[in-house]
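Peer 1: Have a look; sequence and predicted model below, questions after that.
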Amino acid sequence: MKTFEDVEVYKLSKEICLSVFRLSNEKFIKNYGFKDQIQRAAVSVMNNIAEGFERETRKEFIRFLYYSKGSVGEVRSMLNIAIELGYLPNDEYLDLKSKCENVSKQLSNFIKYLKEKESN
């Protein structure tokens, strides 16, 4: 990996971010606070991966991957509220929730991999 754009989980988190922005500009337009919060959380997922990568130490990268993992959890939490409030159709909710769960798992695996490399 030469750049953070090469990191697979970054690419997937970018897809989530784009989906959240598209949905929120269409579905959450009337609830500015909700729209702002979910967009910030989605951006934070990918930005923390990028920032951690650029720190150029494994320890820092791992720390920022944990931040990213927290942010993807926040997006999922916001999606749970969105479905309850009727902001999203069930299929869009399930698709985006699944993508978030996938990114969370990939982040966990990536953190585990980096920690193992750190101890060797």
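Peer 2: All right, it came through fine. Please read all numbers here as calculations on a predicted model, not as lab measurements.
Peer 1: now the helices: where do they sit in this structure?
Peer 2: Applying DSSP state H to the chain gives helices spanning 8-27, 32-54, 58-84, 90-119.
Peer 1: Of all these, which one is nearest residue 2?
Peer 2: helix 32-54 (10.1 Å; Cβ to Cβ). All C-beta atoms are positioned from the backbone trio N, CA, C, and that covers glycine.
Peer 1: Tell me what angle that closest one forms with helix 8-27.
Peer 2: Counting by axes from the mean of the first three to the mean of the last three Cα atoms, to 10 degrees, helix 32-54 lies at 170 degrees to helix 8-27.
Peer 1: export the helices of the chain to CSV and tack on mean pLDDT, mean neighbour count and distance to residue 2?
Peer 2: Putting these into CSV (pLDDT from 0 to 100; neighbours: other Cβ atoms under 10 Å; distance: least, Cβ to Cβ, whole Å) gives the following:
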stretch, mean pLDDT, mean neighbour count, distance to residue 2
helix 8-27, 95, 18, 13
helix 32-54, 97, 19, 10
helix 58-84, 97, 18, 14
helix 90-119, 95, 15, 16
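Peer 1: can you pull the contacts of residue 10?
Peer 2: Contacts of residue 10 were listed using Cβ atoms under 8 Å, 6 or more residues apart in numbering, and they are 4, 46, 49-50, 53.
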